[in-house]
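Visitor: Sequence and computational prediction follow.
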Amino acid sequence: MVYQISRGGQTYGPYTLADLKRYVESGHVLLTDMAKGDEMPEWATVAQTLNPSGVPSVQPSVPAADPAYQPAYAPQPTYAPVMEYPDPPNLHWGLVFVLDIITFGIFQIVWNFILSAWMKRVQPNSQAMLYYIGGYGLLFLNTGLSIPIYIAMMHHTEYHSNFGLSLLGIIAWALRLMARFNMKNSLEEHFNTVEPIGFRMSAVLTFFFGGLYIQSQLNRINEIKQAMRHQQFNR
């Protein structure tokens, strides 16, 4: 069975039961939100949906008949609303492109780490940061090891090609490509479940334009979120 969640006039989903339990635990869904499964005749609270019997899943270890026994109930956790996630870094993709050219690519490296750090905050299972660390680390290592070759070329000195350096460069490129697609997958997962806005990205554009395309999509996400906030404010 899959479930729709309703809060404040907005409907989210569909979610599986496992999704629903996970989002309650993480605070993305409130126990007081309304839920309706495809086999349920009417809406019910999430608390009633997850525990229709009303019986606690964990029984107290001390018998209630014991006069010294005082039942203790854990306080209900407070859950942050979905829209409290930090907005994506919203530097216009065109400005990112200009700064990338001016700094000979250094700005894009820094910006990729900023984006992956934000992604990790809103989607904790994102691995983009690790891929970028590995990819750029190997890239810098490859550049450092290649300096003697560049010096030999400048002095017209004989040098031998190094297969190991070529392989290192390929691995560095592959890790950065994996970071791009991990970011793409994390964005699609987050903005189709936790903050559902029906978000999709092109794999082809991700491959060829990388960070610039990702930034353009983050600009689009910010526009959608601002429009949603404006709509909620005007109700």
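Guide: Yep, that arrived.

Visitor: just the helices in this structure please.
Guide: Secondary structure of the chain, counting by DSSP state H: helices at 17-26, 46-50, 93-102, 106-122, 128-154, 163-193, 203-233.

Visitor: closest to residue 35 out of the ones you listed?
Guide: Closest approach to residue 35 among these (C-beta to C-beta): helix 46-50, 4.4 Å. From N, CA and C alone the C-beta is placed, and that goes for glycine too.

Visitor: can you pull the contacts of the nearest residue to residue 35 once chain neighbours are set aside?
Guide: Nearest non-adjacent residue to residue 35, counting by C-beta to C-beta, 6 or more residues apart in numbering: residue 49, 4.4 Å away. Contact partners of residue 49, counting by C-beta atoms under 8 Å, 6 or more residues apart in numbering, are 3, 20, 35, 37, 40.

Visitor: Of these, which belong to strands?
Guide: If you go by DSSP state E, the contacts of residue 49 have 3, 35, 37 in strands.

Visitor: Could you chop this structure up by domain?
Guide: Annotated domains of the chain cover 1-52, 83-233 [automatic domain parsing].

Visitor: hey, least reliable of those by pLDDT?
Guide: Mean pLDDT across these is lowest at domain 1-52; the value there is a mean of 81.

Visitor: what separates that one from the chain centre, distance-wise?
Guide: Taking C-alpha atoms, centre = their mean, to the nearest Å, one finds the center of domain 1-52 at 22 Å from the center of the full chain.

Visitor: Report how many residues lie close to residue 215.
Guide: By other C-beta atoms under 10 Å, 25 other residues sit near residue 215.

Visitor: Contacts only, for the nearest residue to residue 91 once chain neighbours are set aside.
Guide: Excluding its sequence neighbours, the residue lying closest to residue 91 (C-beta to C-beta, 6+ apart) is residue 215, at 6.9 Å. Taking C-beta under 8 Å, 6+ apart, we find residue 215 in contact with 89, 91, 92, 93, 96, 111, 115.

Visitor: and residue 215, how far is that from residue 209?
Guide: According to C-beta to C-beta, to the nearest Å, residue 215 and residue 209 sit 10 Å apart.

Visitor: still on that earlier bit, and of the contacts of residue 49, the nearest to residue 195?
Guide: For the contacts of residue 49, the residue nearest residue 195 by C-beta to C-beta is residue 20; the value is 16.0 Å.

Visitor: thought the closest one was touching residue 51?
Guide: No: with contact defined as C-beta atoms under 8 Å, residue 20 does not reach residue 51; the gap is 11.7 Å.

Visitor: thinking again about what came up before, which one, of the helices of the chain, ends up nearest to residue 10?
Guide: helix 203-233 (8.0 Å).

Visitor: for the most centrally placed residue in the chain, phi and psi?
Guide: Nearest to the mean C-alpha position of the chain, by C-alpha atoms, centre = their mean, lies residue 123 at 3.1 Å. As for residue 123, its main-chain torsions (degrees, to the nearest 10) stand at phi -140, psi 90.
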